[in-house]
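K.L.:
Give me a model of this one.
(3 chains)
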Amino acid sequence: MDSGLLVWGVSGVLFLVGGAFLVLRRQLIAMIIGVELMINAANLALVHAAVRRGDAEGLAAALLIIAAAAAEAVVGLWLVLRRLRDGETAETDSLRELSG
Amino acid sequence: MLLTGLWVAPALAGLLVWGMPSRGSARVLALALSGVILAYAAWLIVPYSAQPGILRLEEIGTAGAFGIRYHLAMDGIALCLCWLTALLIVLSLAASWKGDVPPGYWAAFLFLESALMAVFTFRDLFYFYIFWDLALIPMFFIIGLWGSSGRRKAALKFVLYTFLGSLSLLIGLLALVTLHYRATGMWTWDMAELARTPVAGPAALWIYAALAVGFAVKVPVFPLHNWLPEAHTEAPAAGSVLLAGSMLKMGVFGFLRVLVPVFPELSLAALPVLGGLGVVNVIYGALCAMAQKDFKRLIAFTSVSHLGFCLIGIFSLTAEGIAGGCLQMINHGFSTGGLFLLIGMMYERSHRRGVDDFGGLAATAPVLSVYFGVILLSSIGLPGLNGFVGEVMTLAGMARASMPLAVLGSLGAVLAAAYGLPAFQKVFWGPPGPDSVSQTIGDLDLRERAVLGVLVAGIVVLGVYPQPLLRLLTPAVEALALR
Amino acid sequence: MSAPWPIWVLFGAPVAALLVGYFYCHQRCPERTHWPILASCAATALAALWLAFQVYEGAGWDFIVYRWAAIGGFTVDFGVRLDGLSASVLAMVCVVSGLIHIYAVGYMEGEPGTSRFFLYFHLFFLSMLGLLVSNNYLQTYVFWEGVGLASFLLIGFWYPKESARRASWKAFLTNRVGDIGFILAIFLLLREAGSVRFEEVFARLGNITPGMRMTIGLLLFWGAAAKSAQFPLHVWLPDAMEGPTPVSALMHAATMVTAGVFLMARSMPLLESAPPVLAVITVAGLITAIGAAIVSVSKRDLKRILAYSTVSQLGLMMVAIGTGNLVGAVFHLITHGFFKALLFLCAGSVIHGLHSSLHGAVSAGVDDAGGLGRDLPYTGGAFLVGALALSGVPPLAGFFSKDLILEGALESGHGLAALTFLIALGSSLYIFRMLLLTFFGARAQQRGPKAHAHEPGLLMRVPVLILAVLSASAGVFGGTVARMLGFQPPHFVLGVAVSGTLVAAAGFGVAYFLTMSRPSFDWEWRARFPWLERWLECDFGWQKATDAIAGGGAALAHFVAGAWESRRWDPFTESLATGCVQLGEGLSAVCRGRLNEYVWWMFVGAAALAFTVLLCF
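P.N.:
Next comes the predicted model:
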């Protein structure tokens, strides 16, 4: 079996699983995990494509994305921590300020 | 660089004024810099007329993505409008001298001047459109922050209404440029290029309509006019002056600069519709003005009436009609600008602007009444003053294109006497209003006399001897005339 | 031919006087504003007389001063045309204006705002000069509206009075209605002849179709009808008597209102090339002249009697124009200028003399007068001269000019001649009625003898005297005017002269019978037939009709601005904006605040976008 297909498949499955986490889970931390999964799915595909084409730019982009994902995780987890410290739960049901 | 300076200088001046630490210094600097810009604009006649026969200033960059190109050019029409704008900015800043306003107020006028100059000189539709919309922003703040009691609603209405018009304009421009690309394989936003290869077919009609609606909102043309009375009424006096004196001209200018050269055939065919709407404007605006009790609102509706003459002239597509339309733009800037300034001065003293609030001012403020009389007579088209020149030339042009429309348009002269004189008689000759403001109003001071004196001098000179200005306009106008 | 310098005096002197008057005298010494203005009157009168003499000797000028505006099919050069027509009328206007300016110094003494009065008055004079000597239609139009403006300002001179304000507005508005015709005629001339200059237009008449010539002629007459107070646009003139009497004398009798007749005389080549227009002018003139004469007989206010008399005389001039009788029209215009100015000034002297008993009113009625001949012998005598001149008694001025018109009418047909004689009868009747009611008798209903009227001062008496002399003697200029206009001196038809005089005598007889033999007749018929007086009061109903038209316009304006603009259209456009807000509020129900749902919608949106992109490219 072509290793390429395997990588694309893993990447796609990871993306869908991440998306499912985002849509279905009500825990903020779980949603952040979902976002991370999606980012890494995209990163996997990017690295794979870069290696295949021998393109250094793609690898550089992947590194940047890892950095950005780390930053995103820090901000996201800090927000969750704030929430928990204030004595609230980290459930999305308790975050209704955006209601129209 | 000459033309770039014309729109960059006011913007820089605006930034400088905005950064001033105190209100007093911002005011002095704004007036001084606007004076310099006026002098610069006036001086442009020297390089403009340096090369006989060419009579043009032009700056062209190289085309970038999608054919967008930095292209500025100055012809007689643009030059006149730039002069008018620069002059009105100076006068309205001088007129708001006593208002205690932050530096942002003075800066907003300079930013507005920058955008207007850019609209009048850019020949690339992309930049034209950008500045067309940018001009709204300073005016939004002028009305919304420094207007009278109903300013918020008026500012919002003004921006929403005119943005909607801009949207129509944008869609029309995008479609025009795309269609031109499909037809020629060349991306360009240049007015001259677009005019060279006309777009035909049913799509052209839609584009024409979209552009016409975009410009018509700005003019404004009936029935898209009703942002105007509120915006003019609620804006501070200086804002009303610029709104009426320069911003409305953007719409007329758009008709002249974009619609007519790019779609000559359709413009000829549009006579009954757009010429007819011009006549409707003249009559409708005058009728509405007749029934107004708020003096500022009255003047606002006379603007609708006067701008109708511009439309009549332009869509007669005769040289005299178009030239008359251009003169009407200038003249309207003088007369209506002057009237708004005068009402601002009366408001400053009395905090009233109803026709019935005043009475007998001819006795208590004789100089004010003389200025008011002269400017009002110009506004109602008394021969010998400038207002008449534009009216008579636009109608004479229309008489060559369509006599029935000329007949209906000339009814505007009767209606002008019907809206202008009773209001004048009430305020200056009539019995005093319910309280004592008419007795205590006080006459004009030296600064106000100077501001109005400039306008009155212009009104008389342009009325007695319009030919020099007309000669300046002639090459550009004759290039547009189709009949 | 180069222009002689006196032509520049015609413009330079009034402009200089106005500038000095406004910027110096009006600000510093308002009691002396009339000094530069009187000097200007003297200078222009001398210049005008000299120019008229030169023209009489055969000179003539028509030259361009400057290019006013020219582009495309629109070429207008402002210039001067001094030919027999303009020179003869100019001489009359300058002389009469000068005299009335002097009279006004006496009349307006002690009035507040005298300085303003003279500035307006001279502004009128300047405009009138410009009108007379212009060499094209558009320039004529410019000054035509200029005299209209001065008229507006002067009718409204006593502006605290509501009636004065209304009258001045009515005058301007009515004139604007007429001006539409004038300006449309100018547009058509520009289109058809490519010029508005008189000589060029008349030279190119052949290129214009007869129908178009007729249209242009009718439009010009419409304009002239407003300015010269012809039916149906005469309604403003009687109300114009709200102004001070010198204004009524100069503008609304002797000079300004004759501008319409002047315009018709100027356009004579055009009118003659369109005979139906001449017929229309004749009919309109006849209707106006006869109707106004009847109304004049019924009026009680002294100035209004004269106002309707003016309307009637202008109608007579129009009849002369309509019969192609240029010399008659112009000559009557000139003599009428003298004797009507005289009559008005006498009426002014009467009002001035009665001042203390009028309780602030600006005009006097027949009730206030009566038997004034004893107190005001000088004014009465002058009025008698004016009345004789107006009614056409030989050898006074009116006799010759009216005689010319009657002869012209007779040549055009017996019916027309009969109607013209009727006008002559009417004019004799109303003017002698006024004379007898004012200066003779003193009927039981009149307060004249108790008023102790006094004669005015020298400043007012001298102009009256000079005008009386001119009214008596101007008949000798008939040949001069004819020659200046390029015609043979008029021949004298004895039959017409005799019958004209008899008609005048008959008018006097009737007037005598109704005022002296039956002294209270004037009050009796009013008491017995109040409806008749009301009917005549509103010009046989026409004043009511015009008021209704004006009221309709105002109602339309209120409908458009109120019921449509503020209550329909503006709310509708605003409802679009509020509709958007409501739509947003409705859609916000979808946003329930669940983060997971938002993410879900985000995916849906991204998928839709991707799908669209794939589909399109």
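
K.L.:
Near chain C, which residues of the stretch 201-350 of chain B are found?
P.N.:
B:223, B:226, B:284, B:287-288, B:290-292, B:301, B:318-321, B:323-324 (Cβ under 8 Å from any Cβ of the partner chain). In this view, the C-beta of every residue, glycine as well, is placed from N, C-alpha and C.

K.L.:
What is the nearest of those to residue B:119?
P.N.:
residue B:323 (20.7 Å; Cβ to Cβ).

K.L.:
quick one, helices of the stretch 451-600 of chain C?
P.N.:
For the stretch 451-600 of chain C, helices defined by DSSP state H, counting those that start in this stretch occupy the ranges C:458-473, C:478-484, C:494-512, C:521-528, C:530-537, C:542-558, C:570-587, C:595-616.

K.L.:
For the longest one, buried residues please.
P.N.:
The one in question is helix C:595-616. For helix C:595-616, a neighbour-count test (16 or more other Cβ atoms under 10 Å in any protein chain shown) marks C:595, C:596, C:598, C:599 as buried.

K.L.:
Adding distance to residue C:73 and mean pLDDT, write the helices of the stretch 451-600 of chain C out as TSV.
P.N.:
Below are the helices of the stretch 451-600 of chain C laid out as TSV (distance: least, Cβ to Cβ, whole Å; pLDDT from 0 to 100):
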stretch	distance to residue C:73	mean pLDDT
helix C:458-473	46	90
helix C:478-484	35	87
helix C:494-512	48	90
helix C:521-528	58	86
helix C:530-537	49	88
helix C:542-558	33	90
helix C:570-587	40	89
helix C:595-616	52	89
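
K.L.:
Identify, out of these, the most deeply packed stretch.
P.N.:
For the helices of the stretch 451-600 of chain C, the largest average neighbour count (mean count of other Cβ atoms under 10 Å in any protein chain shown) is found in helix C:478-484, namely a mean of 22.

K.L.:
contact partners of that one?
P.N.:
With Cβ atoms under 8 Å, 6 or more residues apart in numbering or on different chains as the test, helix C:478-484 has contacts from C:52, C:55-56, C:83-85, C:87-88, C:327, C:330-331, C:334, C:400-401, C:404, C:488-490.

K.L.:
wait, doesn't residue C:227 sit right on residue C:176?
P.N.:
No. With contact defined as Cβ atoms under 8 Å, residue C:227 does not reach residue C:176; the gap is 10.9 Å.

K.L.:
the more surrounded of these two?
P.N.:
residue C:227 (30 against 24; other Cβ atoms under 10 Å in any protein chain shown).

K.L.:
which stretches of chain A form helices?
P.N.:
A:3-24, A:28-53, A:56-85 (DSSP state H).

K.L.:
Contacts only, for the residue in the stretch 351-483 of chain B that chain A sits nearest to.
P.N.:
Ranked by Cβ to the nearest Cβ, the top residue of the stretch 351-483 of chain B for proximity to chain A is residue B:353, at 42.0 Å. With contact taken as Cβ under 8 Å, 6+ apart, residue B:353 is in contact with B:294, B:295, B:296, B:343, B:346, B:347.

K.L.:
Work out the gap between the helix or strand where residue B:120 lies and the centre of the chain.
P.N.:
Using DSSP states H and E, residue B:120 sits in helix B:103-121. Here the centre of helix B:103-121 is set off from its chain's centre by 14 Å, with Cα atoms, centre = their mean, to the nearest Å.

K.L.:
ditto for stretch B:231-250
P.N.:
The answer for stretch B:231-250 is 8 Å, by Cα atoms, centre = their mean.
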